[in-house]
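> return a 3D structure for these sequence lines:
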Amino acid sequence: MRRRPSPPRLPVLSLVAVVVAVLALGGCLADEGEPDDAPSSADPAATNPYAGRSGFADPDSRTAQAAAHAGGDADAERVLSRLADTPQGIWLTPEEYPPGSVAPLVARVVGAADAAGQVPTFVVYGIPDRDCTGGFSGGGLTVDQYEPWVQEIADAVAAADASIPVVAVVEPDALASAIACDRRSERVRLIADAVTRLADAGVATYVDGGHSNWIEPDRLAPLLQQAGIDRARGFATNVSNYQTDADERAYGEQLSALLDGAHFIIDTGRNGNGSTEDWCNPTGRAYGTDPAPAPEGDVEHLDAYVWVKPPGESDGECGGGPPAGRFWPERALAMAVSSGW
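As a prediction, the model looks like this:
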(Lines give C-alpha, C1' and ligand atoms only; values in the text may rest on other atoms or scores of the structure.)
Protein backbone atom coordinates (compact mmCIF):
# COMPACT_ATOMS: atom_id res chain seq x y z
CA MET A 1 0.00 0.00 0.00
CA ARG A 2 1.50 3.33 -1.07
CA ARG A 3 1.70 6.10 1.51
CA ARG A 4 0.90 9.64 0.54
CA PRO A 5 4.14 11.67 0.37
CA SER A 6 4.68 13.94 3.35
CA PRO A 7 4.43 17.69 2.67
CA PRO A 8 7.74 19.53 2.57
CA ARG A 9 8.85 21.00 5.90
CA LEU A 10 8.90 24.77 6.20
CA PRO A 11 11.84 26.53 7.75
CA VAL A 12 11.11 27.53 11.33
CA LEU A 13 11.04 31.28 10.60
CA SER A 14 8.69 30.77 7.64
CA LEU A 15 6.42 28.64 9.79
CA VAL A 16 6.23 31.34 12.46
CA ALA A 17 5.34 33.93 9.82
CA VAL A 18 2.53 31.77 8.48
CA VAL A 19 1.07 31.24 11.98
CA VAL A 20 1.15 34.96 12.71
CA ALA A 21 -0.57 35.74 9.43
CA VAL A 22 -3.30 33.16 10.04
CA LEU A 23 -3.98 34.47 13.54
CA ALA A 24 -4.18 38.00 12.26
CA LEU A 25 -6.63 37.01 9.56
CA GLY A 26 -8.74 35.11 12.09
CA GLY A 27 -8.89 38.20 14.27
CA CYS A 28 -10.15 40.29 11.37
CA LEU A 29 -12.86 37.74 10.59
CA ALA A 30 -13.88 37.56 14.24
CA ASP A 31 -14.16 41.33 14.41
CA GLU A 32 -16.33 41.36 11.31
CA GLY A 33 -18.79 38.81 12.77
CA GLU A 34 -22.23 37.98 11.36
CA PRO A 35 -24.52 40.72 10.08
CA ASP A 36 -26.78 42.13 12.74
CA ASP A 37 -29.85 40.81 10.92
CA ALA A 38 -28.50 37.28 10.39
CA PRO A 39 -30.93 34.74 11.88
CA SER A 40 -29.65 32.71 14.78
CA SER A 41 -29.17 29.04 13.94
CA ALA A 42 -30.59 28.30 17.40
CA ASP A 43 -33.90 30.03 16.59
CA PRO A 44 -36.29 27.39 15.24
CA ALA A 45 -38.66 30.09 13.94
CA ALA A 46 -36.04 31.86 11.84
CA THR A 47 -35.92 29.63 8.76
CA ASN A 48 -38.07 27.19 6.80
CA PRO A 49 -37.34 23.78 8.41
CA TYR A 50 -38.34 21.94 5.23
CA ALA A 51 -36.13 23.89 2.83
CA GLY A 52 -33.65 21.67 1.05
CA ARG A 53 -34.71 18.56 3.00
CA SER A 54 -37.09 15.66 2.62
CA GLY A 55 -39.58 14.66 5.29
CA PHE A 56 -39.31 11.56 7.45
CA ALA A 57 -41.54 8.53 6.88
CA ASP A 58 -41.66 6.48 10.08
CA PRO A 59 -40.90 2.83 9.21
CA ASP A 60 -42.98 1.76 12.23
CA SER A 61 -46.10 3.72 11.23
CA ARG A 62 -49.54 2.12 10.98
CA THR A 63 -49.29 2.53 7.21
CA ALA A 64 -46.00 0.63 7.10
CA GLN A 65 -47.46 -2.11 9.27
CA ALA A 66 -50.44 -2.41 6.92
CA ALA A 67 -48.10 -2.69 3.94
CA ALA A 68 -46.19 -5.47 5.67
CA HIS A 69 -49.42 -7.42 6.22
CA ALA A 70 -50.99 -7.02 2.81
CA GLY A 71 -51.68 -10.75 2.76
CA GLY A 72 -50.07 -11.57 -0.57
CA ASP A 73 -52.17 -9.04 -2.51
CA ALA A 74 -49.49 -7.62 -4.83
CA ASP A 75 -51.48 -4.53 -5.85
CA ALA A 76 -52.40 -3.68 -2.25
CA GLU A 77 -48.79 -4.18 -1.18
CA ARG A 78 -47.59 -1.86 -3.96
CA VAL A 79 -50.03 0.90 -3.04
CA LEU A 80 -49.58 0.61 0.72
CA SER A 81 -45.78 0.49 0.40
CA ARG A 82 -45.82 3.65 -1.70
CA LEU A 83 -48.07 5.29 0.87
CA ALA A 84 -45.85 4.13 3.75
CA ASP A 85 -42.77 5.61 2.07
CA THR A 86 -44.42 9.03 1.81
CA PRO A 87 -43.52 11.35 4.74
CA GLN A 88 -46.49 11.86 7.06
CA GLY A 89 -47.22 13.40 10.44
CA ILE A 90 -46.50 11.37 13.57
CA TRP A 91 -49.40 11.98 15.92
CA LEU A 92 -48.77 12.19 19.64
CA THR A 93 -51.96 11.50 21.57
CA PRO A 94 -52.21 10.79 25.31
CA GLU A 95 -54.46 7.82 24.60
CA GLU A 96 -51.62 6.07 22.76
CA TYR A 97 -48.67 7.78 24.47
CA PRO A 98 -49.79 8.87 27.95
CA PRO A 99 -47.73 10.94 30.36
CA GLY A 100 -44.54 9.07 31.15
CA SER A 101 -44.42 7.15 27.86
CA VAL A 102 -44.35 9.75 25.08
CA ALA A 103 -40.64 10.59 25.40
CA PRO A 104 -39.28 7.21 24.18
CA LEU A 105 -41.29 7.43 20.95
CA VAL A 106 -40.13 10.99 20.29
CA ALA A 107 -36.53 10.04 21.00
CA ARG A 108 -36.72 7.05 18.65
CA VAL A 109 -38.24 9.04 15.80
CA VAL A 110 -35.86 11.98 16.14
CA GLY A 111 -32.87 9.64 16.27
CA ALA A 112 -33.96 7.75 13.15
CA ALA A 113 -34.80 10.96 11.27
CA ASP A 114 -31.47 12.50 12.23
CA ALA A 115 -29.59 9.44 10.99
CA ALA A 116 -31.46 9.70 7.68
CA GLY A 117 -30.98 13.47 7.41
CA GLN A 118 -34.76 13.95 7.16
CA VAL A 119 -37.28 16.19 8.94
CA PRO A 120 -39.82 14.54 11.29
CA THR A 121 -43.20 16.22 11.71
CA PHE A 122 -44.92 15.53 15.04
CA VAL A 123 -48.55 16.43 15.71
CA VAL A 124 -49.28 17.33 19.34
CA TYR A 125 -52.90 16.35 19.96
CA GLY A 126 -53.82 16.11 23.62
CA ILE A 127 -55.48 19.36 24.69
CA PRO A 128 -58.32 19.01 27.24
CA ASP A 129 -61.78 18.27 25.79
CA ARG A 130 -60.05 17.91 22.46
CA ASP A 131 -62.91 17.50 19.98
CA CYS A 132 -65.33 19.79 21.79
CA THR A 133 -67.62 20.27 18.78
CA GLY A 134 -68.84 16.69 19.10
CA GLY A 135 -66.84 14.81 16.48
CA PHE A 136 -65.14 11.44 16.79
CA SER A 137 -61.82 12.48 18.35
CA GLY A 138 -62.88 13.38 21.87
CA GLY A 139 -60.60 12.97 24.84
CA GLY A 140 -57.34 14.61 25.73
CA LEU A 141 -55.63 15.33 29.00
CA THR A 142 -56.68 17.34 32.02
CA VAL A 143 -55.37 20.87 32.36
CA ASP A 144 -52.92 19.75 35.07
CA GLN A 145 -51.57 16.92 32.92
CA TYR A 146 -51.20 18.82 29.65
CA GLU A 147 -48.23 21.07 30.33
CA PRO A 148 -46.00 18.32 31.83
CA TRP A 149 -46.89 16.05 28.88
CA VAL A 150 -45.81 18.71 26.38
CA GLN A 151 -42.64 19.22 28.41
CA GLU A 152 -41.87 15.50 28.05
CA ILE A 153 -42.05 15.92 24.28
CA ALA A 154 -39.86 19.03 24.37
CA ASP A 155 -37.29 17.41 26.65
CA ALA A 156 -37.01 14.34 24.41
CA VAL A 157 -36.31 16.54 21.37
CA ALA A 158 -33.75 18.63 23.25
CA ALA A 159 -31.98 15.54 24.60
CA ALA A 160 -31.68 14.09 21.09
CA ASP A 161 -29.54 17.08 20.05
CA ALA A 162 -30.35 16.40 16.40
CA SER A 163 -28.61 18.08 13.49
CA ILE A 164 -31.86 18.23 11.49
CA PRO A 165 -34.87 20.45 12.24
CA VAL A 166 -37.74 18.93 14.20
CA VAL A 167 -41.27 20.18 13.44
CA ALA A 168 -44.43 20.11 15.54
CA VAL A 169 -47.98 20.95 14.49
CA VAL A 170 -49.76 22.02 17.65
CA GLU A 171 -53.34 20.96 18.40
CA PRO A 172 -55.37 20.54 15.20
CA ASP A 173 -58.79 22.26 15.39
CA ALA A 174 -58.17 23.56 18.92
CA LEU A 175 -58.33 27.31 18.32
CA ALA A 176 -60.91 27.25 15.54
CA SER A 177 -63.27 25.03 17.54
CA ALA A 178 -62.64 27.08 20.70
CA ILE A 179 -64.77 29.83 19.19
CA ALA A 180 -67.76 27.48 18.91
CA CYS A 181 -67.09 25.77 22.26
CA ASP A 182 -66.37 28.97 24.17
CA ARG A 183 -63.07 27.58 25.51
CA ARG A 184 -60.90 30.42 24.25
CA SER A 185 -59.07 31.54 27.38
CA GLU A 186 -58.04 28.04 28.49
CA ARG A 187 -56.93 26.93 25.04
CA VAL A 188 -55.06 30.11 24.25
CA ARG A 189 -53.14 29.78 27.52
CA LEU A 190 -52.30 26.10 27.06
CA ILE A 191 -51.26 26.48 23.43
CA ALA A 192 -49.14 29.54 24.22
CA ASP A 193 -47.41 27.53 26.93
CA ALA A 194 -46.87 24.59 24.54
CA VAL A 195 -45.40 26.86 21.87
CA THR A 196 -42.93 28.31 24.38
CA ARG A 197 -41.86 24.90 25.70
CA LEU A 198 -41.35 23.49 22.20
CA ALA A 199 -39.54 26.58 20.92
CA ASP A 200 -37.21 26.51 23.91
CA ALA A 201 -36.35 22.91 22.91
CA GLY A 202 -35.53 24.01 19.36
CA VAL A 203 -38.71 22.73 17.72
CA ALA A 204 -40.08 24.58 14.67
CA THR A 205 -43.73 24.93 15.63
CA TYR A 206 -46.81 25.52 13.50
CA VAL A 207 -50.02 26.27 15.43
CA ASP A 208 -53.15 24.91 13.78
CA GLY A 209 -54.92 27.63 11.81
CA GLY A 210 -58.12 25.99 10.60
CA HIS A 211 -58.87 26.01 6.88
CA SER A 212 -60.43 28.10 4.14
CA ASN A 213 -64.00 26.84 4.61
CA TRP A 214 -64.30 27.26 8.37
CA ILE A 215 -63.40 30.37 10.40
CA GLU A 216 -62.76 33.73 8.76
CA PRO A 217 -59.12 34.88 9.08
CA ASP A 218 -59.99 38.06 10.97
CA ARG A 219 -61.75 36.01 13.66
CA LEU A 220 -58.96 33.45 14.05
CA ALA A 221 -55.94 35.77 13.85
CA PRO A 222 -56.44 37.32 17.32
CA LEU A 223 -56.48 33.85 18.91
CA LEU A 224 -53.28 32.88 17.09
CA GLN A 225 -51.64 36.09 18.31
CA GLN A 226 -52.69 35.40 21.89
CA ALA A 227 -51.47 31.81 21.53
CA GLY A 228 -47.90 32.95 20.85
CA ILE A 229 -47.68 32.77 17.05
CA ASP A 230 -44.79 35.25 17.27
CA ARG A 231 -42.71 32.53 19.00
CA ALA A 232 -43.71 29.84 16.50
CA ARG A 233 -42.57 29.39 12.92
CA GLY A 234 -46.16 29.96 11.84
CA PHE A 235 -49.42 28.07 11.39
CA ALA A 236 -50.80 24.98 9.63
CA THR A 237 -53.90 24.89 7.44
CA ASN A 238 -56.24 22.16 6.15
CA VAL A 239 -55.09 19.60 8.73
CA SER A 240 -57.24 16.46 8.29
CA ASN A 241 -59.38 18.30 5.75
CA TYR A 242 -59.89 18.34 2.00
CA GLN A 243 -59.77 21.97 0.78
CA THR A 244 -57.84 22.58 -2.46
CA ASP A 245 -54.28 23.87 -2.61
CA ALA A 246 -55.46 27.06 -4.35
CA ASP A 247 -58.04 27.83 -1.66
CA GLU A 248 -55.55 27.11 1.13
CA ARG A 249 -52.79 29.23 -0.41
CA ALA A 250 -55.18 32.17 -0.64
CA TYR A 251 -56.47 31.60 2.88
CA GLY A 252 -52.95 31.20 4.26
CA GLU A 253 -51.81 34.49 2.75
CA GLN A 254 -54.89 36.28 4.13
CA LEU A 255 -54.19 34.94 7.59
CA SER A 256 -50.46 35.63 7.29
CA ALA A 257 -51.16 39.27 6.45
CA LEU A 258 -52.97 39.60 9.79
CA LEU A 259 -50.06 37.95 11.64
CA ASP A 260 -47.11 40.09 10.55
CA GLY A 261 -46.14 37.71 7.75
CA ALA A 262 -46.22 34.42 9.66
CA HIS A 263 -45.30 31.43 7.52
CA PHE A 264 -47.53 28.40 7.03
CA ILE A 265 -47.79 24.83 5.78
CA ILE A 266 -50.71 23.12 4.03
CA ASP A 267 -51.89 19.57 4.69
CA THR A 268 -52.28 18.11 1.20
CA GLY A 269 -52.61 14.42 2.06
CA ARG A 270 -56.25 14.03 0.99
CA ASN A 271 -57.20 17.09 -1.06
CA GLY A 272 -56.44 15.82 -4.55
CA ASN A 273 -60.11 16.00 -5.57
CA GLY A 274 -60.98 18.94 -3.34
CA SER A 275 -63.67 18.84 -0.66
CA THR A 276 -67.33 18.12 -0.21
CA GLU A 277 -69.49 19.45 2.59
CA ASP A 278 -68.82 16.17 4.37
CA TRP A 279 -65.64 16.22 6.49
CA CYS A 280 -65.90 12.66 7.83
CA ASN A 281 -64.58 9.98 5.47
CA PRO A 282 -66.14 11.48 2.32
CA THR A 283 -66.09 9.19 -0.69
CA GLY A 284 -64.25 9.87 -3.93
CA ARG A 285 -61.29 11.70 -2.36
CA ALA A 286 -57.73 11.45 -3.65
CA TYR A 287 -54.19 11.95 -2.41
CA GLY A 288 -52.94 15.48 -2.98
CA THR A 289 -49.68 17.25 -3.67
CA ASP A 290 -46.68 15.20 -2.54
CA PRO A 291 -44.92 16.47 0.58
CA ALA A 292 -42.23 18.95 -0.43
CA PRO A 293 -40.91 22.44 0.30
CA ALA A 294 -42.95 25.08 -1.49
CA PRO A 295 -41.46 25.72 -4.95
CA GLU A 296 -39.76 29.05 -5.52
CA GLY A 297 -42.31 31.45 -6.94
CA ASP A 298 -45.19 29.92 -4.99
CA VAL A 299 -47.07 32.19 -2.59
CA GLU A 300 -44.80 34.28 -0.41
CA HIS A 301 -45.27 32.78 3.05
CA LEU A 302 -45.88 29.11 2.26
CA ASP A 303 -43.10 26.91 3.65
CA ALA A 304 -44.20 23.47 2.46
CA TYR A 305 -46.85 21.00 1.46
CA VAL A 306 -47.02 18.37 4.23
CA TRP A 307 -49.11 15.25 4.75
CA VAL A 308 -49.96 16.11 8.35
CA LYS A 309 -52.86 13.67 8.68
CA PRO A 310 -51.82 10.18 7.52
CA PRO A 311 -54.31 9.90 4.66
CA GLY A 312 -55.02 6.19 5.13
CA GLU A 313 -56.38 6.76 8.64
CA SER A 314 -60.07 7.07 9.41
CA ASP A 315 -61.82 10.30 10.42
CA GLY A 316 -64.14 8.37 12.70
CA GLU A 317 -67.00 5.91 12.78
CA CYS A 318 -68.82 7.30 9.78
CA GLY A 319 -69.29 5.92 6.29
CA GLY A 320 -68.39 2.48 7.56
CA GLY A 321 -65.06 3.62 8.99
CA PRO A 322 -63.23 2.37 12.09
CA PRO A 323 -62.56 4.68 15.07
CA ALA A 324 -60.74 7.94 14.37
CA GLY A 325 -57.03 7.49 13.77
CA ARG A 326 -57.29 3.78 12.95
CA PHE A 327 -55.69 2.75 9.64
CA TRP A 328 -58.38 1.83 7.09
CA PRO A 329 -56.90 -0.22 4.22
CA GLU A 330 -60.04 -0.18 2.09
CA ARG A 331 -60.18 3.61 2.13
CA ALA A 332 -56.45 3.91 1.43
CA LEU A 333 -56.84 1.67 -1.62
CA ALA A 334 -59.96 3.51 -2.83
CA MET A 335 -58.11 6.83 -2.62
CA ALA A 336 -55.25 5.29 -4.57
CA VAL A 337 -57.65 4.41 -7.39
CA SER A 338 -59.02 7.98 -7.37
CA SER A 339 -55.42 9.24 -7.48
CA GLY A 340 -54.44 7.07 -10.45
CA TRP A 341 -51.82 5.18 -8.46
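
> buried ones in stretch 324-333, by neighbour count?
For stretch 324-333, a neighbour-count test (16 or more other Cβ atoms under 10 Å) marks 324, 325, 327, 328, 329, 331, 332, 333 as buried. Any C-beta I mention is one placed from the backbone N, CA and C, and that applies to glycine too.

> just the helices in the stretch 201-341 of the chain please.
Along the stretch 201-341 of the chain, counting by DSSP state H, counting those that start in this stretch, helices occupy 217-226, 245-257, 329-339.

> also the stretch 51-200 of the chain?
Secondary structure of the stretch 51-200 of the chain (DSSP H, counting those that start in this stretch): helices at 62-68, 74-84, 102-116, 143-160, 174-181, 184-200.

> export those helices to TSV and tack on distance to residue 53, mean neighbour count and mean pLDDT?
Converted to TSV, these look like this (distance: least, Cβ to Cβ, whole Å; neighbours: other Cβ atoms under 10 Å; pLDDT from 0 to 100):
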stretch	distance to residue 53	mean neighbour count	mean pLDDT
helix 62-68	21	18	94
helix 74-84	19	18	96
helix 102-116	10	18	98
helix 143-160	16	18	98
helix 174-181	27	21	90
helix 184-200	19	20	97
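
> right, and these - which one's nearest residue 291?
Proximity to residue 291 (Cβ to Cβ) singles out helix 74-84 among the helices of the stretch 51-200 of the chain, at 11.9 Å.

> mind putting the helices of the stretch 201-341 of the chain into JSON lines with distance to residue 147 and mean pLDDT?
Converted to JSON lines, the helices of the stretch 201-341 of the chain look like this (distance: least, Cβ to Cβ, whole Å; pLDDT from 0 to 100):
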{"stretch": "helix 217-226", "distance to residue 147": "17", "mean pLDDT": "97"}
{"stretch": "helix 245-257", "distance to residue 147": "27", "mean pLDDT": "98"}
{"stretch": "helix 329-339", "distance to residue 147": "35", "mean pLDDT": "97"}
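
> turn those into CSV, including distance to residue 105.
Output for the helices of the stretch 201-341 of the chain, formatted as CSV (distance: least, Cβ to Cβ, whole Å):
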stretch, distance to residue 105
helix 217-226, 28
helix 245-257, 29
helix 329-339, 23
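
> tell me which of the ones you listed sits most buried.
Highest mean neighbour count among those (mean count of other Cβ atoms under 10 Å): helix 245-257, with a mean of 19.

> what lies in contact with that one?
For helix 245-257, contacts defined as Cβ atoms under 8 Å, 6 or more residues apart in numbering pick out 209, 211-213, 217, 220-221, 224, 234-235, 237-238, 243, 262-264, 266, 268, 271, 288-289, 298-302, 305.

> likewise for stretch 90-106?
The contact list for stretch 90-106 (Cβ under 8 Å, 6+ apart) reads 58, 61, 109, 120-126, 139-141, 145, 148-149, 152-153, 155-157, 160, 310, 325.

> so for it, what gets flagged as buried?
In stretch 90-106, residues buried by neighbour count (16+ other Cβ under 10 Å) are 90, 91, 92, 93, 94, 97, 102, 103, 105, 106.

> from the opening residue of that stretch to its closing one, how far?
9 Å (Cα to Cα, to the nearest Å).

> residue 262 is in contact with residue 217, correct?
No. Here residue 217 does not reach residue 262: they are 11.4 Å apart, not a contact under Cβ atoms under 8 Å.

> among the contacts of helix 245-257, which ones are buried?
209, 211-213, 217, 220-221, 224, 234-235, 237-238, 243, 262-264, 266, 268, 271, 288-289, 299, 301-302, 305.

> and the residue nearest the centre of this protein?
residue 121 (3.5 Å; Cα atoms, centre = their mean).

> and that one, how far from residue 164?
Separation of residue 121 from residue 164 (Cβ to Cβ, to the nearest Å): 12 Å.

> likewise for residue 58?
Look at residue 58 and residue 164: by Cβ to Cβ, they are 14 Å apart.

> which of these two has more residues huddled nearby?
Per other Cβ atoms under 10 Å, whichever of residue 58 and residue 164 has more neighbours is residue 58, with 21 against 18.

> end to end, how far does stretch 211-223 reach?
End-to-end distance for stretch 211-223, by Cα to Cα: 15 Å.

> still on that earlier bit, distance to residue 43 added to the buried residues of stretch 90-106, as JSON lines?
Conversion of those to JSON lines gives the following (distance: Cβ to Cβ, whole Å):
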{"residue": "90", "distance to residue 43": "23"}
{"residue": "91", "distance to residue 43": "26"}
{"residue": "92", "distance to residue 43": "23"}
{"residue": "93", "distance to residue 43": "29"}
{"residue": "94", "distance to residue 43": "29"}
{"residue": "97", "distance to residue 43": "28"}
{"residue": "102", "distance to residue 43": "25"}
{"residue": "103", "distance to residue 43": "24"}
{"residue": "105", "distance to residue 43": "26"}
{"residue": "106", "distance to residue 43": "21"}
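
> now the two most distant members of those residues.
Between any two of the buried residues of stretch 90-106 (Cβ to Cβ), the greatest distance is 15.6 Å, for 91 and 103.

> residues near the closest residue in space to residue 286 that isn't next to it in sequence, how many?
Closest residue to residue 286 in three dimensions, ignoring its sequence neighbours and counting by Cβ to Cβ, 6 or more residues apart in numbering: residue 272, at 3.2 Å. Neighbourhood size, residue 272 [other Cβ under 10 Å]: 19.
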